[in-house]
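[1] Got a predicted structure here, sequence first:
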Amino acid sequence: MPEPPVRFEDLREGMELPVLVRQVSFAEHCLFGSAIGNLTLMHLDAEEGRRLGFGGALMYGELRLAYLSLLLERWVESSGRLVHLNCRYTGADLVGDTLTVTGRVSRLNRDESGAHALCELWVDNQRGERNTVGTAELAFIDPYGG
Amino acid sequence: MSILTSEALSYIGRETEPVTEVIDPWLIRNFARAICYPEPPDTRWTGREAAAPFHLPVVFLEHAALEPSGLAPPLPPTPQALKAGNEYEVLRPVRAGDVLTIRHRLAELREREGRSGVQVFTTTETTAHDPSGDLVFRVRTIMVRIYPREAGDA
């Protein structure tokens, strides 16, 4: 049974986010490339990825970002919404890798504009490499009407 | 070794002509199916007036013109051109049927020399406004082109 959406009053600074684990198959990767209209060869052909100096076909950066936003959107559901999401791709994940997508609440803030949570985010692969790091800001429905 | 010429740097600040797009429910469903796979997509993303997952409109519209013609500065070709980062600001959720006017601007162009060669970073800013002229989202996309140092280079 799915978890109920998290509410602002449930949050604490330092609290860990849920974890999303995905083994990214070739089929899944193609589905995503087709959905965003990017069929660049280095993302679909392991040989082309190796020719460019990588270990295989490169996973789309946007797919890693999509998993981060999926994690956050499922976590807050109707309690709030994602306002900012910043992401840096510091290395390459490969098609076939298993990604672990998670983060933690870094700061909570309530002011006249509402209730906000800042989060640190990251995506690790099964080799222990952290090739995607980011931050997000979530705006919550303030139970105290702030 | 420097890659950026004064001609390339003169592209900073260039903007594309605005393009108006309608957010199609099929596009939302297809994107939701791709990110939720192998699970079925969340039902909130499958209705005819569904809200889009957070960054779908940005990815789609950005890819419609990742480095829009007219903004791409004259740089030597390299097979190593990769996405280095994204910064998204979404002021309100995008829904199926929304009409958005999109503009792209080359915001920044810089290079950095490292041990392995030169990296050239281009930052493109994409904005979407609704028919009332209100900003709906802003995204900055950072691409990196890598020019490996050749044997014998100092």
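    Cool, the structure landed.

[2] interface residues of chain A facing chain B?
    Counting by C-beta under 8 Å from any C-beta of the partner chain, the residues of chain A close to chain B are A:28, A:31-32, A:34-38, A:42, A:51-53, A:58, A:61-63, A:65-67, A:69-70, A:72-74, A:81-89, A:92. (Glycine included, C-beta is placed from N, CA and C.)

[3] Could you rerun that using 6 Å?
    Taking C-beta under 6 Å from any C-beta of the partner chain, the part of chain A that reaches chain B is made up of A:28, A:31-32, A:35-38, A:52, A:61-62, A:66, A:69-70, A:73, A:82, A:84-89.

[4] Restrict the residues you listed to the buried ones and give me that as a PyMOL selection.
    Typed into PyMOL, the next command selects the buried ones out of these (criterion: 16 or more other C-beta atoms under 10 Å in any protein chain shown):
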select buried, chain A and resi 28+31+32+35+36+38+52+61+62+66+69+70+73+82+84+85+86+87+88+89
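
[5] and the residues of chain A next to chain B, which of them are in strands?
    Under the assignment DSSP state E, the residues of chain A next to chain B contribute A:L82, A:H84, A:L85, A:N86, A:C87, A:R88, A:Y89 to strands.

[6] buried stuff in the helix or strand hosting A:E47?
    In this structure, A:E47 sits in helix A:46-51 according to DSSP states H and E. Neighbour-count burial for helix A:46-51, counted by 16+ other C-beta under 10 Å, picks out A:A46, A:E48, A:G49.

[7] Distance from the chain centre to it, please.
    Computed by C-alpha atoms, centre = their mean, to the nearest Å, the separation of helix A:46-51 from the middle of its chain amounts to 26 Å.

[8] what's the neighbour count on B:V90?
    B:V90: 23 surrounding residues under other C-beta atoms under 10 Å in any protein chain shown.

[9] Test my guess that it contacts B:F137.
    Yes. Between B:V90 and B:F137 there is a contact at 4.5 Å, judged by C-beta atoms under 6 Å.
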